[in-house]
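Participant: Below: sequence and its predicted model.
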Amino acid sequence: MILLTSSKLPTVGMTIFSQMSQLAMQHNAINLSQGFPDFMPDAQLLNSVDHFIQKGFNQYAPLGGILSLKEEVAIKIENSHQAIYHPDAEITITAGGTQAIFTTLATFISKGDEVIIFEPAYDCYEPSVELFGGIVKRFQMKAPNYEIDWSEVKNLVSEKTKMIILNNPNNPSGKILTENDVQSLIQIVKDSNILILSDEVYENIVFDGKKHLSLCQYLELKERTMIVASFGKLFHITGWKVGYCAAPKEMMAEFRKVHQFNVFCVNTPIQMALAEYMKDEEHYLHLNSFFQEKRDFLRQGLASTSFELLSCEGTYFQAVTYQNISGKDDFEFAKDLTINHKVASVPFSAFYKDHLNENVIRLCFAKKQETLERAIENLAKL
Ligand code: PMP
């Protein structure tokens, strides 16, 4: 047997999402933990993939993605955010948002570079930074409002700061950036060479008429920002693992140097089908109201229970506190909820390096009405 003498990620175990999903399966619990829909994507999209497979689109796609899809992405960005990207030189189709994030970090982060992240943070940022020798500096956003104190963020900046990673709308808190947040960010990065990775995979899931502020709308930010998006979230196809990123051409050229050895290209028939499907913007413009109905259904269902709802401005996650129910830490509480009350969630402490416990769990509402109904029924018993 080979003896492995070292690990590049010695403290990393199975992700919390896999852990909670596994526990949900084991205990036959309703899975509101991992963020994926339990309903079918549009049949038109499914049939279109089949069509392109049968028509023979089964070989490698071009390195940056199929041009017609990149063109549709450029149109979507221009229509939504009035920002112009050259489809061929400035947009790349990736194997999900995750690969866009990983390849961005592989491209730009070297040993000793500092990267600022905001916690609660999506789980792939920190280990990916560390794999390339980067050093993570954290700002903790805290319950119940998850606000950013930009003067504290400014204190994290040093001459070694290479990148700031933002996730807007934020998974898991459901918080979105305000104009004031963006203006503070501009003040921090102006006159510097700091790059930004803006994870906007939930950009089309923002509620109550609020507007998603993509960083590409701001010229001072666009020139230094890698925007990351995911078709998984846009079209209920998380398992297809297709996403994209957009950036100024000099940055994208560097990204593609790494991308070509990382995956080279992404699934051809799916790209063809997405290009056709995206021509009709009706296919994504109503995502906000579609998920708002689900959010409101869950919130109304939980309003009379002992859980307390935190605000949810975007994403398909609702944060709740359980301090009126139990004194357990959030991980123990989430385990207990799965095993004994048959509802799986994700404890917020998993999104903080120091496992900050504020008695908050995350519930995913990208689920069928009957799934949410059953979950509410179980949660109401506590
Ligand atoms: N960023 C965030 C904040 C996410 O929640 C997710 C998916 N859960 C991703 C990136 C990854 O997206 P994809 O599934 O397209 O790789």
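Facilitator: Ah, there it is. Numbers count the residues shown, from 1 in each chain.

Participant: contacts and neighbour counts: CA atoms only from here.
Facilitator: Noted.

Participant: tell me the strands in the stretch 201-350 of the chain, going along the chain?
Facilitator: 225-230, 243-246, 308-309, 317-321, 343-344, 346-347 (DSSP state E, counting those that start in this stretch).

Participant: Show me the one of those strands that comes nearest the ligand.
Facilitator: strand 225-230 (4.3 Å; C-alpha to the nearest ligand atom).

Participant: sorry, back to before: would you list the strands of the stretch 201-350 of the chain in CSV and tack on mean neighbour count, distance to the ligand and mean pLDDT?
Facilitator: Listed next are the strands of the stretch 201-350 of the chain as CSV, based on neighbours: other C-alpha atoms under 10 Å; distance: least, C-alpha to the nearest ligand atom, whole Å; pLDDT from 0 to 100:
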stretch, mean neighbour count, distance to the ligand, mean pLDDT
strand 225-230, 26, 4, 98
strand 243-246, 27, 5, 98
strand 308-309, 18, 20, 98
strand 317-321, 24, 10, 98
strand 343-344, 28, 16, 97
strand 346-347, 29, 12, 97
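
Participant: And the residue of the stretch 251-382 of the chain closest to the ligand?
Facilitator: Closest point on the stretch 251-382 of the chain to the ligand, by C-alpha to the nearest ligand atom, is residue 315, at 8.3 Å.

Participant: can you give me the helices in the stretch 251-382 of the chain?
Facilitator: In the stretch 251-382 of the chain, the segments counted as helices under DSSP state H, counting those that start in this stretch are 268-278, 282-285, 287-303, 330-341, 369-380.

Participant: Quick one: residues contacting the nearest residue to residue 360 once chain neighbours are set aside.
Facilitator: Leaving aside its chain neighbours, residue 360 sits nearest to residue 321 (4.4 Å; criterion: C-alpha to C-alpha, 6 or more residues apart in numbering). The contact partners of residue 321, by C-alpha atoms under 8 Å, 6 or more residues apart in numbering, come to 307, 308, 309, 310, 358, 359, 360, 361.

Participant: Now with 10 Å, please.
Facilitator: 143-144, 306-310, 330, 348, 358-362 (C-alpha atoms under 10 Å, 6 or more residues apart in numbering).

Participant: picking up where we left off before, burial of the residue of the stretch 251-382 of the chain closest to the ligand, as a residue count?
Facilitator: 32 (other C-alpha atoms under 10 Å).

Participant: thought it was touching residue 290?
Facilitator: No. Judged on C-alpha atoms under 10 Å, residue 315 makes no contact with residue 290 at a distance of 11.8 Å.

Participant: which residues are common contacts for these two?
Facilitator: Listed as contacting both residue 315 and residue 290 by C-alpha under 10 Å, 6+ apart are 205, 207, 366.

Participant: Could you export the residues you listed to a markdown table, including columns for pLDDT, neighbour count and distance to the ligand?
Facilitator: As requested, the shared contacts of residue 315 and residue 290 are arranged in a markdown table below (pLDDT from 0 to 100; neighbours: other C-alpha atoms under 10 Å; distance: C-alpha to the nearest ligand atom, whole Å):
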| residue | pLDDT | neighbour count | distance to the ligand |
| --- | --- | --- | --- |
| 205 | 98 | 26 | 12 |
| 207 | 98 | 22 | 17 |
| 366 | 98 | 24 | 12 |
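
Participant: Give me the neighbour count for residue 283.
Facilitator: Residue 283 - counted by other C-alpha under 10 Å - has 13 other residues nearby.

Participant: tell me which residues of stretch 192-204 are tucked away?
Facilitator: By 16 or more other C-alpha atoms under 10 Å, the buried positions in stretch 192-204 come out as 194, 195, 196, 197, 198, 199, 200, 201, 202, 203, 204.

Participant: and the ligand, which of those residues reach it?
Facilitator: Restricting these to those within reach of the ligand (C-alpha under 6 Å from any ligand atom) leaves 199, 201.
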